[in-house]
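>>> 3D, please:
(chains A, B and C)
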Amino acid sequence: MIPAPAFLSNPERFMAFSRWAAPMFGLIAAILGLAGLYLGFSAPDDYQQGATVRIMFIHVPAAWLSMFVYGCLAVASLLSLIFRHALADAAAQAAAPLGAGFTFLALVTGSLWGRPMWGTWWVWDARLTSVLVLFLFYLAYIALRAALDDEAKAARACAILALVGAVNLPVVHYSVVWWNSLHQGASVFRADGPAMPPVFLIPLLLMSLAYMAAFGALWLVSIRGEVWRRRAEAAALRAARS
Amino acid sequence: MSRISALLARETALAWGRGGGPLVSVGFYAGVATLLPLAIGPEAQRLAAIAPGAAWVALALASLLSLDRLFERDFEDGALDLLTLSSTPLELTCAIKCLSQWLATGAPLALAAPIAAIGLGAPPALAPLIFACALVGGLAFAFTGGIGAALSLGARRGGLLTAVIVLPLFVPPVIFGGGALDAFASGLGWTAGFALLCAYAAAAVALGPLAMAAACRNALA
Amino acid sequence: MLKLRPGRWAGVITALQLRGVAVSRGGRRLFSGLDLDLAPGEVCALTGANGAGKTSLLRTIAGLSAPDMGDIGFGGADPGDARQGGLHLLGHLDGLKAARTTREELTFWSRWGGAASDGADQAVTALALGGLLDLEVRRLSAGQRRRLALARLLAAPRPLWLLDEPLSPLDAAWRARFGAVMQAHLAGGGMILAAVHDPLPIPARSLALEAAA
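Sure thing, here's the model as predicted:
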C-alpha cells in the first residue's frame, strides 16, 4: 500500500503514476465497499448482538485505518526529515486530515455501537481511550501545521511532532491498558473474543480493503492537490518578482 | 562546566521571574483546588474519593502555565541564537532550560500538592507519595512540555498551541501517577505506578532534549 | 587606547572563504554565486538594500541556517569547531533580558562565551560600562544597550566578528570609539564582516549584495 518511496520520490513520476492510480484505487474502493456492504447486510444477525453487529463493518476498518494512517504519516515525516524531500512532506501533510477523519469515524461509530451494546455512549475502555488520544495527536499536528507561516519550517516542525507522537503512542496505549486493568478489571470489549464466523469475516475483510483503497485514492488526490498548490505558489512568487 | 552552571543559574533566575514564576503557578494550583469542591459539593466523602486524582491533574495543568515562554523569549530577543552558537550542545542547553523550569515551578508545586490533596480530604498518609509523584512527574511535564514549547516557536498563538501539542504527551504520566496514588489510597501496591512514572520521566529527560534541539534549530534557520 | 590579546585564538579560524554561496529565505532566493575571501586583519562592509539578504548571509555563515548552494570555509578549520569557538554574531536583536542587570547579563554572556576571568572587566573598561553595571537592562538607552551587546565581543576574544548593523544606535562619539575597538581587533589578527547602511568609521572594502537574477 505504501508506494515505493524511491520510485515515487521523483515528482514527475509521482504525478504520472498518481494520475491513473488515484481513480483506480477509487474504483477498487467502490467495488469492494459495495460488495462488503452487501455481504455485511445480508449476513444473519449475531446471536448476541443482533443487527447492531453490522456497525462493525464500518467501525473496525476505520479503527485499523486510524493507526495505519498514522504509520504512513510517521514514515513520510521521517523521510521528509532525513532527505528534506518536499514530496514526502506533502504526503505527510495530506495524510493528517485523512487520518483524523478515519479516527473520528472510528470514535463516532464506536460510540454508536456502544450505546446498544454497553448501554452507554462512551466507555473509558483502553482501546477507545487510546484512539481518542490518537485523535488528539492528529489535531495537534494539524494545528501546528496551520500555525506556522514558513512552510519549510512548518514541514520540519510537524515532522518532529509526528515522530515524537510515534514514540509516544505505544506508551500511551500501554499506559491506558495498564490504567484500565487497574480500574475495572477485565475489559468490556474484547475484539479478539470468540472466533469470527466467515459470514462476518469476509465482509469485514472486504470493507477493510475498501477502506485501504479509499485511503490510497484520497491520499494520492490530496498529495496531488498539495503539489499543484505549491507549484502555483512558486509560480506566483516568480511572477511577482519579474 | 562553568558555562553550564552559569546557564543553570541564569535560566533558573529567569524562570523564577517568568510570568510571575512559582508564585503564579502555585496560586493557579491553589485556585483550581479551591474551585473543585465548589463545583463538586462540600460532601467530604465524595471529595475525599477524588482528592488525589484532582490534586494530580491540577498539577499537570499548572505545569503548563509558563511553558510557552520557555524558549519563546530567548527566541524573540535573539538570545537563542547565541545559546545555539556554542560548544555546549544545544541538546544540553535545552535540557538545562527544562531543568530550570522544573526547579522554578515543578518543585514549588510539589510542595503545594500534598497540602492541596489533604485540604480536599485525602488521608495525610498520602502526602509523601503525592510529593514524590509531583516531583518526578514535574520532571516529565517539564521535559515533554519543552518539546511543545520548542515546536510552537514562531507560531501564531504559540501559547495555546503549546498546550494542544503537550496534553496528549501528558497522558502516560498522568495515568501512572494517578494510578500510583489511587492504588495507595485503596491500600494496593503503588510501586508499579510510581516506577512507571519514574521510567517515563527518565525517558522524557533522555529523549525530549533531542526533539527540542531539533525544533529550535528549525525555528532559527 | 585598547589592548586586546592577540594570538589567543590561534588555530580556530584563520580565514573566511565563501564560494558560490546562494541563500534563500522563506522559499525566495535572495542571492547566489557569492564569493568572498577574508584574511586576518581584514574588514569587509556588506551593503545592499533592505531585504537583500545581509542578515541571512551572516546567519548562514554562523551556521544557524544552511546555504542552498556553495561552500563556506574557515581556512581549513572544522566548520563545527570554527563556529562554536571562533566567531561572534551580533544581530539586530541583542539577546538581553530587560529584567536583569547589566552586570548579570555581562557576567553570564562572558562565561557562556568562555571568557577568561578578567574578560568582562576588560570589556567594561573599553566600553565605559562601569556606571551602568547595577542598572537593569530596561533602564538603558538604545546606545547603552548596544554597548552592552558589543561587550560580548570583547569579553571573550574570537577571531571572526559577524556584525549586523553594529553602529546604528550609537552616537557619533561612540561610533568613533567603536571604530578604534574594531581597529584593535584587526591589528590583533581578527576579521570583521559587517552588514551596514552607513559607512564604517574605519577604512573597509565593501561587498554589495544584489538580488539573484
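>>> can you map out the strands along chain B?
Using DSSP state E, chain B contains no strands.
>>> show the pLDDT at the residue of it positioned farthest from its centre.
Distance from the C-alpha centroid of chain B peaks at B:Glu43, with 30.2 Å (CA atoms, centre = their mean). The model reports B:Glu43 with a pLDDT of 84.
>>> and it, how far is that from B:Asp182?
20 Å (CB to CB, to the nearest Å). In this view, the C-beta of every residue, glycine as well, is placed from N, C-alpha and C.
>>> can you classify C:Leu89 by secondary structure?
Secondary structure, DSSP: H, G, I helix; E, B strand; the rest coil: C:Leu89 is strand.
>>> and what of A:Leu78?
Using three-state DSSP, the structure places A:Leu78 in helix.
>>> which non-adjacent residue is nearest it?
A:Leu163 (6.4 Å; CB to CB, 6 or more residues apart in numbering or on different chains).
>>> the one helix or strand that neighbour maps to: what's the following helix or strand?
Secondary structure from DSSP states H and E places A:Leu163 in helix A:151-184. As assigned by DSSP H and E, the chain's next helix or strand after helix A:151-184 is helix A:198-241.
>>> for that following helix, the distance to its chain's centre please.
Counting by CA atoms, centre = their mean, to the nearest Å, helix A:198-241 is centred 11 Å from the centre of its parent chain.
>>> surely B:Val32 meets B:Trp56?
No: taking contacts as CB atoms under 8 Å, B:Val32 lies outside contact range of B:Trp56: 11.3 Å.
>>> look up how far A:Leu87 lies from the residue farthest from the centre of chain B.
Relative to A:Leu87, and taking CB to CB, B:Glu43 is found at 60 Å.
>>> and B:Leu188, by the same measure?
To A:Leu87, B:Leu188 is 52 Å away according to CB to CB.
>>> okay, these two: which has more neighbours?
Shown here are B:Leu188 and A:Leu87; by other CB atoms under 10 Å in any protein chain shown, A:Leu87 has more neighbours (22 against 13).
>>> helix, strand, or coil at that one?
helix.
>>> which residues of the chain score low on pLDDT?
Since you didn't name a chain, this refers to chain A. Residue ranges of chain A with pLDDT under 70: A:1-8, A:46-49, A:182-196, A:242.
>>> chain C is the one I meant
Ranges of chain C meeting pLDDT under 70: C:1-11, C:211-213.
>>> can you list the residues of it near chain B?
C:59, C:62-66, C:83-85, C:87, C:89, C:91-97, C:99-100, C:104, C:107-109, C:111-114, C:152 (CB under 8 Å from any CB of the partner chain).
>>> just the buried ones among those residues, please.
Among those, the ones that count as buried by 16 or more other CB atoms under 10 Å in any protein chain shown are C:59, C:62-65, C:83-85, C:87, C:89, C:91, C:93-97, C:100, C:104, C:107-109, C:111-114, C:152.
>>> for chain C, what are the nearby residues on chain B?
B:2-3, B:6-7, B:9-10, B:13-14, B:17, B:73-74, B:76-87, B:217, B:220-221.
>>> give me the buried subset of the residues you listed.
B:3, B:6-7, B:10, B:13-14, B:73-74, B:77-86, B:217, B:220-221.
>>> how does chain C divide into domains?
Domains of chain C are assigned by automatic domain parsing as C:14-86+C:159-213, C:97-157.
>>> adding distance to A:Ile82, write those out as a markdown table.
Converted to a markdown table, the domains of chain C look like this (distance: least, CB to CB, whole Å):
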| stretch | distance to A:Ile82 |
| --- | --- |
| domain C:14-86+C:159-213 | 15 |
| domain C:97-157 | 32 |
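>>> wait, which of those is closest to chain A?
With CB to the nearest CB, the closest approach to chain A among the domains of chain C belongs to domain C:14-86+C:159-213: 5.5 Å.
>>> hmm, that closest one touching chain A?
Yes: using CB under 8 Å from any CB, domain C:14-86+C:159-213 reaches chain A at C:Gly26, C:Gly27, C:Arg28.
>>> for PyMOL, write the selection for the buried entries among those residues.
Applying 16+ other CB under 10 Å to the residues of domain C:14-86+C:159-213 next to chain A, the buried members can be selected in PyMOL as follows:
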select buried, chain C and resi 28
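>>> what's whichever residue of chain A sits closest to chain C sitting at in phi/psi?
Per CB to the nearest CB, the residue of chain A with the smallest distance to chain C is A:Asp150, at 5.5 Å. A:Asp150 has phi and psi values of phi -70, psi 120 when expressed as degrees, to the nearest 10.
>>> what about the residue nearest to it when sequence neighbours are not counted, distance to C:Gly48?
For A:Asp150, ignoring the flanking residues on the chain, the nearest one in space by CB to CB, 6+ apart is C:Gly26 at 5.5 Å. Counting by CB to CB, the gap from C:Gly26 to C:Gly48 is 17 Å.
>>> show me where chain B has helices.
Assignment of helices within chain B using DSSP state H yields the ranges B:2-17, B:21-40, B:44-62, B:69-76, B:79-84, B:90-101, B:107-119, B:127-151, B:158-169, B:171-185, B:191-220.
>>> and the third one, how far out from the chain middle?
Between the mean C-alpha location of helix B:44-62 and the chain-wide mean there is a distance of 17 Å, by CA atoms, centre = their mean.
>>> quick one: it to helix B:171-185, angle?
If you take axes from the mean of the first three to the mean of the last three CA atoms, to 10 degrees, helix B:44-62 sits at 150 degrees to helix B:171-185.
>>> so is helix B:44-62 next to chain A?
No: residues of helix B:44-62 are not located near chain A by CB under 8 Å from any CB, the shortest gap being 11.1 Å.
>>> quick check: buried residues in that helix?
Those would be B:47, B:49-60, B:62, for helix B:44-62 by 16+ other CB under 10 Å.
>>> which of the residues you listed sits closest to chain A?
Using CB to the nearest CB, the buried residues of helix B:44-62 come closest to chain A at B:Gly53, 11.1 Å.
>>> if we can go back for a sec, buried residues in the helix holding A:Leu163?
For helix A:151-184, using 16+ other CB under 10 Å, the buried residues are A:151-166, A:168-169, A:171-173, A:175-180, A:182.
>>> packing partners of it?
With contacts defined as 3 or more CB pairs under 8 Å, 6 or more residues apart in numbering or on different chains; DSSP states H and E, helix A:151-184 has these neighbours: helix A:55-83, helix A:86-118, helix A:126-147, helix B:127-151, helix B:158-169, helix B:171-185, helix B:191-220.
>>> centre of the chain to that helix, how far?
Worked out by CA atoms, centre = their mean, helix A:151-184 lies 15 Å from the chain centre.
>>> kindly report the same for stretch C:85-95.
On CA atoms, centre = their mean, the centre of stretch C:85-95 falls 5 Å from the chain's centre.
>>> tell me who's in contact with the residue of chain C found nearest chain B.
Closest residue of chain C to chain B, CB to the nearest CB: C:Leu93 (2.8 Å). With contact taken as CB atoms under 8 Å, 6 or more residues apart in numbering or on different chains, C:Leu93 is in contact with B:Glu76, B:Asp77, B:Gly78, B:Asp81.
>>> now, the most widely separated pair of those?
Distance extremes for these: the farthest pair is B:Glu76 and B:Asp81 at 11.1 Å, using CB to CB.
>>> wait, which of the domains of chain C is closest to B:Gly146?
The closest of these to B:Gly146 is domain C:97-157. By CB to CB, the value is 18.9 Å.
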